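> A predicted structure for the sequence below; I have some questions about it.
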Amino acid sequence: MRLAPPGPALALVATLILGAGSLQAATPASAAAPDDTCLACHSDKDAKGSTGKSIAVDPSKYAKSVHGESKLACTACHADVSEKKIPHPEKLKPVDCGTCHDKPVAEYKDTVHGKARKGGSTAAAACVDCHGTHDILRSKDPASRTNHANLEATCATCHGKEAVKGAKMPGGAVASQFHDSIHGKALAGAARSAAPTCTNCHGAHSIRAKDDEKSRVNRAAIPDTCGSCHTKQRQQYGQGKHGKLRQEGNLGTPGCTDCHSAHRIQSPATPAFKAQVIAECGTCHAKYMETYRETFHGQVTNLGYVSVATCASCHGAHDIRPASDPGSTVSPQNRPATCMKCHKGATVSFAGWDPHANKHDADRNPVYYYMAFFMKWLLVGVFTFFGLHSVLWLYRSLRALKEKAR
């Protein structure tokens, strides 16, 4: 049986064992290519370094990667390795992706991940954590870790846990919160190409902490970040009272995430959201929330039903304006039309009823104040009188039973 000529990998082994003289007799005249030389050892799937970590490289996967398609040699990334000096040292210098990808690496250095790495943290994500190592694919490839449809899973490798390598993750397991949100459900459904994922809000290589003024998720930037998709709502918000206060520099006024949250965003059409968002309004408008809860509308919504008017039903959702603004849905001229959305045929007199009447404020509604005052003391008087009457009646009954027993 005739044996096939030895390949480059076998040639390398022969070199290491027999020396250069034997190699000349066992190999073709041409020397082994650098990648073939590296794969002589690293193509072994069981290959491990001194620390026990795998150093194996799958040749087929590398060939299909963006670097493999570009015919990029191993030494282009592992610059301190030479095929003329094999075996190479056990510990090599970290790969510098900035040699080719200077702009993304420059952006990364100033991000929350880059700063954490510079500070000595090994838990913060580096290039390989998101892109991979020898199997890097273009983002347009459906199998790529950085493909739009796969980014949630990629980010979840860290942000799907409460802690990584002993370091507590900011916000906890936010990936699971996102997965159950309206955006996460859309990303997993038919609208995955249009649904936002992590990088739409946080950026790709320029991810910054929310307290960084340049961050896309900084409190001041949130309306514009959300408005990049929700353009109509962004325009309405800018025309409303909250948006105008933001434009004046008052960051204490509510923005998108104050009402909708950051990662737990639910559909505003669901009853659960409508019932919950009332409480969000109450975090700022506590006085009005208290008076609203005393009305029929408030008492019904407090039970979990949203078949009656909520805050947004009267005031609007994004274009919220004060009653003194002619464009407000609760201005005197627009209030009848607002009430008629639920109460067909509502008159001006009907719409004139105070939806936030305060029984503790005599100046706002004196009739309501004194009627509530009267009813309170009437109840106190009735219960006091009949309570005393019952006690005396009990005493008389017990005395009668005692006399009868004698």
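The structure has been received and is ready for your questions. No experiment lies behind these values; they were computed from the predicted model shown.
> which SSE is the residue sitting nearest the centre point of the chain in?
The chain has H263 as the residue nearest its centroid, 2.9 Å off, counting by C-alpha atoms, centre = their mean. According to DSSP states H and E, H263 maps onto no helix or strand at all.
> any idea which helix is longest in this protein?
helix 366-405 (DSSP state H).
> Pull out the buried residues from that helix.
Y368, Y369, A372 (16 or more other C-beta atoms under 10 Å). Just so you know, the C-beta spots here come from the backbone N, C-alpha and C atoms, and that holds for glycine as well.
> How about stretch 295-307?
By neighbour count with 16+ other C-beta under 10 Å, stretch 295-307 contains the buried residues T295, H297, G298, T301, V306.
> any idea which of these is the one closest to D80?
Closest to D80 out of these is V306 (64.9 Å), distances taken as C-beta to C-beta.
> Name all residues that make contact with the nearest residue to that closest one once chain neighbours are set aside.
With C-beta to C-beta, 6 or more residues apart in numbering as the criterion, V306 has its nearest non-adjacent residue at 4.2 Å, and that residue is K274. Going by C-beta atoms under 8 Å, 6 or more residues apart in numbering, K274 touches P268, V306, T310, A312.
> let's go with 10 Å and repeat that
Counting by C-beta atoms under 10 Å, 6 or more residues apart in numbering, K274 touches Q266, P268, T301, Y305, V306, S307, T310, C311, A312, S313.
> Quick check, A220 in contact with T253.
No. Between A220 and T253 there is no contact under C-beta atoms under 10 Å: 11.1 Å.
> Quick check: neighbours shared by these two?
Common neighbours of A220 and T253, counting by C-beta under 10 Å, 6+ apart, are R246.
> Between the two, tell me which one has more neighbours.
A direct count of neighbours by other C-beta atoms under 10 Å for A220 and T253 places T253 higher, at 16 against 12.
> C-alpha coordinates for stretch 40-48, CSV please?
In CSV, the C-alpha atoms belonging to stretch 40-48 read as follows (Å, rounded to 0.1, in the frame of the first residue of the first chain):
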residue,chain,number,x,y,z
ALA,A,40,-0.5,21.4,13.9
CYS,A,41,-1.1,21.8,17.7
HIS,A,42,-4.1,24.0,18.0
SER,A,43,-6.4,22.0,15.8
ASP,A,44,-6.5,19.3,18.4
LYS,A,45,-9.9,19.8,20.1
ASP,A,46,-8.4,18.5,23.4
ALA,A,47,-5.5,21.0,23.4
LYS,A,48,-5.1,22.8,26.7
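> So the residue nearest to the residue nearest to the centre of the chain when sequence neighbours are not counted: helix, strand or coil?
Nearest-residue entry for H263: Q177, 4.0 Å, with adjacent residues in sequence omitted and distances by C-beta to C-beta, 6+ apart. With DSSP: H, G, I helix; E, B strand; the rest coil as the basis, Q177 sits in helix.
> what does Q236 give?
Going by three-state DSSP: Q236 is helix.
> Strands along the chain, start to end?
Taking DSSP state E, the strands of the chain run over residues 163-164, 167-168.
> of the buried residues of helix 366-405, closest to A106?
Closest approach to A106 among the buried residues of helix 366-405 (C-beta to C-beta): Y368, at 65.0 Å.
> and the closest one, how far is that from Q247?
37 Å (C-beta to C-beta, to the nearest Å).
> related to what we said a few turns ago, which of the strands of the chain is buried the deepest?
Mean neighbours per residue, mean count of other C-beta atoms under 10 Å, is largest over these for strand 163-164, with a mean of 14.
> Show residues contacting that one.
Contacts to strand 163-164, defined as C-beta under 10 Å, 6+ apart, come from residues S121, T122, A123, A124, A125, T157, C158, M169, G172, A173.
> Kindly reformat the residues you listed as a markdown table containing pLDDT, neighbour count and distance to D46.
Listed next are the contacts of strand 163-164 as a markdown table, based on pLDDT from 0 to 100; neighbours: other C-beta atoms under 10 Å; distance: C-beta to C-beta, whole Å:
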| residue | pLDDT | neighbour count | distance to D46 |
| --- | --- | --- | --- |
| S121 | 88 | 13 | 31 |
| T122 | 86 | 11 | 26 |
| A123 | 88 | 16 | 28 |
| A124 | 91 | 20 | 30 |
| A125 | 93 | 21 | 28 |
| T157 | 94 | 14 | 24 |
| C158 | 94 | 20 | 28 |
| M169 | 89 | 16 | 33 |
| G172 | 88 | 15 | 37 |
| A173 | 93 | 17 | 34 |
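> Now, these that are in helices?
If you go by DSSP H, the contacts of strand 163-164 have T157, C158 in helices.
> from the contacts of strand 163-164, which single one is nearest K93?
Once C-beta to C-beta is applied, the member of the contacts of strand 163-164 that ends up nearest K93 is T122, at 16.6 Å.
> Any idea which of the strands of the chain gets closest to L187?
So among the strands of the chain, strand 163-164 is nearest, using C-beta to C-beta, at 22.8 Å.
> Give the partner strands of that closest one in its sheet and their orientations.
When pairing is defined by DSSP bridges, strand 163-164 lines up against strand 167-168 (antiparallel).
> Give me the nearest residue to V81, chain neighbours excluded.
Closest residue to V81 apart from its sequence neighbours, by C-beta to C-beta, 6+ apart: H88 at 4.8 Å.
> Could you give the number of residues near that neighbour?
Neighbours of H88 using other C-beta under 10 Å come to 15.
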